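A.B. asks: following is a predicted model, sequence given first.
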Amino acid sequence: MKKRIREHRIGPIFMLLLFLSSCSTVGKYAQPDTRLPDAYRGVGAPDSAKATASSAGSIPYRSFFADSSLVKLIDAAIERNYDMQAALKNIEYASLALKQAKLGNLPGLNLQATGSTATTSDYGSSPLPPGKESVEEYTASLMLSWEADIWGKIRNTKKAALSEYLRTVEAKKAVQTRLVADVAQSYYNLLLLDAQRRITRRNLALADTTLSMMRLQYDAGLVTSLAVEQQEAVRLGIHSGIASLEQGIAVQENVLSALCGRLPERIARSGNVPKLPDEECCSAGLPALLLSNRPDVKAAEMALMKAHAETGVASAQLYPSFSISAEAGSNALKASNWFTFPGSLFSFVQGAVLQPIFQQGKLRTAYKQAKVARDREEILFRQKVLDAVQEVSSALAALQKLAVREKAVKKQAGILRTSVDNAELLFKSGMADYLEVITAQANAYDAELSLADIRRQRLVARTELYRALGGGWK
């Protein structure tokens, strides 16, 4: 009968605790209003359905980059780059923390076995019975404890752990998008240096031919030694430029090797800087896609969600905690009676309410700090969104204007190449002096180098737009 009365009293209390465990001291997380524009600057408002399907950021990098040598380098970098390996370890660490947090609602269960022997003074407050030298006690018990999650402390702890895990996943993707862009840009820099070396070698061969021609004319008395000396100086300057370019090639190969997690070595690559079509431009899609496709923006939001959940944990610390504990086992004063059932059995059930009093000032300060941290993460999230929109807009502007520049410089280079041929013919016929020949060659050389560099800049801008849109992690 007593057992039934005890169950009748504990049952409603337990159900009440379960009901109260649905309470929470903070509201549900809501994504801040980022006030994203309908379209990027300089781009007309696109159709939503088409923009969602055609955003370049959703294209896998193996499809976005057509150069097979570049794709192999990116694959190697993703597999072996140390920043990527560290990011994977961060995910592994956060995953273990999440598993640990998921166990927060489970009751604590401990198994205990103790044996003790005690002796007391004959003149103390508890003297031993006559003939007894010591008192023995043996206990084996199973202890169970459970804390009701009344104010959402455990739930918010799990939410914070989940947000941190998801943040590390997105952070790894962000590292990969940056790594893909860095490898591509370094590769294009290497192709540019190769192209500049080829152009410089052609110019050196042209300078040698011109020098030979001037020496013949000097021997014939048609030009002075000044013309020969000037051309010889030009030739030496070009030769020095080749050595400088070869130094840059070696350094760029070392950079690419390090990105791929390898010791410095020669980098295999295609022969020329790829030429983009005159009107080639990646689809940027809608700015709203940045919230779902760009990893660093998503990582910033996950950090905000974690801070929001931690605010709930700090708030719950201000309120009383409710716990139930129970213990059952076997207890005896003699080892021979330790497991003599049912006489050695005992049980204990207790409910407790713990309300911090003298720590209220410390806990309130911790709660205020958590709120400040949450507000700070929201500011950082808004800044990350703003940076993302700015990067996409800048990359779009660069692509558009570089295409215009390439057209102009391409025509300029063609005209200057023709002027070099004309200057040499006029020089041979005595209708132009050596300075006109040297000037024409220098102008043509500079235009060729500028054209190669602008083509590289277009490729880099295209890669940067791809990264800014969140491309590279697929």
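C.D. replies: Nice, thanks for sending it over. Residues are numbered from 1 along each chain as shown.
A.B. asks: CA only for contacts and neighbour counts going forward, please
C.D. replies: Fine.
A.B. asks: packing partners of the lengthiest helix in the chain?
C.D. replies: Of all segments of type helix in the chain, defined using DSSP state H, the longest is helix 360-428. In terms of contacts (3 or more C-alpha pairs under 8 Å, 6 or more residues apart in numbering; DSSP states H and E), helix 360-428 is packed against helix 290-293, helix 295-316, helix 434-468.
A.B. asks: rerun that using 6 Å as the cut-off
C.D. replies: helix 295-316, helix 434-468 (3 or more C-alpha pairs under 6 Å, 6 or more residues apart in numbering; DSSP states H and E).
A.B. asks: what's the local residue count around residue 335?
C.D. replies: A count of nearby residues for residue 335, using other C-alpha atoms under 10 Å, gives 14.
A.B. asks: show me where pLDDT drops low in the stretch 351-474 of the chain?
C.D. replies: Where the stretch 351-474 of the chain drops to pLDDT under 70, the residues are 358.
A.B. asks: excluding sequence neighbours, find me the nearest residue to residue 440.
C.D. replies: Leaving aside its sequence neighbours, residue 440 sits nearest to residue 420 (C-alpha to C-alpha, 6 or more residues apart in numbering; 5.3 Å).
A.B. asks: could you pull out the strands for the stretch 201-350 of the chain?
C.D. replies: 321-332, 345-354 (DSSP state E, counting those that start in this stretch).
A.B. asks: and those strands, which one is worst for confidence?
C.D. replies: Mean pLDDT is lowest for strand 345-354 out of these, coming in at a mean of 74.
A.B. asks: okay, buried residues for that one please.
C.D. replies: Buried residues in strand 345-354, counted by 16 or more other C-alpha atoms under 10 Å: residue 345.
A.B. asks: other SSEs contacting that strand?
C.D. replies: Secondary elements touching strand 345-354 (3+ C-alpha pairs under 6 Å, 6+ apart): strand 321-332.
A.B. asks: using PDB, write out every CA atom in the strand it packs on.
C.D. replies: Output in PDB follows, covering the C-alpha atoms of strand 321-332 (Å, rounded to 0.1, in the frame of the first residue of the first chain):
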ATOM      1  CA  SER A 321      17.300  23.200 -11.800                       C
ATOM      2  CA  PHE A 322      15.100  20.100 -11.100                       C
ATOM      3  CA  SER A 323      16.700  16.700 -10.700                       C
ATOM      4  CA  ILE A 324      15.600  13.200  -9.600                       C
ATOM      5  CA  SER A 325      18.100  10.700  -8.200                       C
ATOM      6  CA  ALA A 326      17.700   7.100  -7.100                       C
ATOM      7  CA  GLU A 327      19.900   4.400  -5.700                       C
ATOM      8  CA  ALA A 328      19.300   0.700  -5.100                       C
ATOM      9  CA  GLY A 329      21.600  -2.100  -4.100                       C
ATOM     10  CA  SER A 330      22.900  -4.400  -1.400                       C
ATOM     11  CA  ASN A 331      24.300  -3.400   2.000                       C
ATOM     12  CA  ALA A 332      25.600  -5.500   4.900                       C
END
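A.B. asks: mind listing what that strand pairs with, with the direction of each?
C.D. replies: strand 135-148 (antiparallel), strand 345-354 (antiparallel) (DSSP bridges).
A.B. asks: and the residue nearest to residue 440, how far from residue 209?
C.D. replies: 13 Å (C-alpha to C-alpha, to the nearest Å).
A.B. asks: between those two, who's got more neighbours?
C.D. replies: Taking other C-alpha under 10 Å, residue 420 and residue 209 do not tie; residue 420 has more neighbours (22 against 12).
A.B. asks: that one and residue 284, how far apart?
C.D. replies: Taken as C-alpha to C-alpha, the span from residue 420 to residue 284 is 42 Å.
A.B. asks: cool, residue 137 as well?
C.D. replies: 77 Å.
A.B. asks: between these two, which one's more packed in?
C.D. replies: The neighbour comparison of residue 137 against residue 284 (other C-alpha under 10 Å) goes to residue 284, with 26 against 15.
A.B. asks: which residue packs closest to that one, ignoring adjacent ones?
C.D. replies: residue 55 (5.2 Å).
A.B. asks: so who does the one you found touch?
C.D. replies: 283-285 (C-alpha atoms under 6 Å, 6 or more residues apart in numbering).
A.B. asks: same check, this time on residue 140
C.D. replies: 112-113, 329-330.
A.B. asks: go on, residue 468?
C.D. replies: So residue 468 contacts 391-392 (C-alpha under 6 Å, 6+ apart).
A.B. asks: repeat that with 7 Å
C.D. replies: 388, 391-392 (C-alpha atoms under 7 Å, 6 or more residues apart in numbering).
A.B. asks: with neighbour count and distance to residue 238 added, can I get the residues you listed in JSON lines?
C.D. replies: Formatted as JSON lines, these follow (neighbours: other C-alpha atoms under 10 Å; distance: C-alpha to C-alpha, whole Å):
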{"residue": "388", "neighbour count": "22", "distance to residue 238": "42"}
{"residue": "391", "neighbour count": "17", "distance to residue 238": "38"}
{"residue": "392", "neighbour count": "24", "distance to residue 238": "39"}
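A.B. asks: any chance of those residues in CSV, plus distance to residue 160?
C.D. replies: Listed next are these as CSV, based on distance: C-alpha to C-alpha, whole Å:
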residue, distance to residue 160
388, 25
391, 30
392, 31
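A.B. asks: how near is residue 183 to residue 189?
C.D. replies: For residue 183 relative to residue 189 (C-alpha to C-alpha), the value is 10 Å.
A.B. asks: oh, that last question was meant for residue 115, not what I typed.
C.D. replies: For residue 115 relative to residue 189 (C-alpha to C-alpha), the value is 76 Å.
A.B. asks: neighbours of the residue nearest to residue 405 when sequence neighbours are not counted, how many?
C.D. replies: Leaving out its chain neighbours, the residue that sits closest to residue 405 by C-alpha to C-alpha, 6+ apart is residue 454, at 7.6 Å. Neighbourhood size, residue 454 [other C-alpha under 10 Å]: 19.
A.B. asks: isn't residue 454 right next to residue 408, touching?
C.D. replies: No. Using C-alpha atoms under 7 Å, residue 454 is not in contact with residue 408, being 10.7 Å away.
A.B. asks: which one of the strands of the stretch 201-350 of the chain lies nearest to residue 381?
C.D. replies: strand 321-332 (33.7 Å; C-alpha to C-alpha).
A.B. asks: can you give me the buried ones in the closest one?
C.D. replies: Applying a neighbour-count criterion of 16+ other C-alpha under 10 Å, one finds 321-325, 327, 329-332 buried in strand 321-332.
A.B. asks: list the contacts of it.
C.D. replies: By C-alpha under 7 Å, 6+ apart, strand 321-332 touches 137-148, 338-339, 344-355.
A.B. asks: please repeat the previous calculation with a cut-off of 6 Å.
C.D. replies: 137-148, 338, 344-354.
A.B. asks: and that strand, how far out from the chain middle?
C.D. replies: Offset of strand 321-332 from its chain centre (C-alpha atoms, centre = their mean, to the nearest Å): 48 Å.
A.B. asks: for stretch 136-149, same thing?
C.D. replies: 46 Å.
A.B. asks: pull out the buried positions in that stretch.
C.D. replies: Within stretch 136-149, judged by 16+ other C-alpha under 10 Å, the buried ones are 138-141, 143-149.
A.B. asks: in contact with residue 206, which residues?
C.D. replies: Here residue 206 is in contact with no residues (criterion: C-alpha under 6 Å, 6+ apart).
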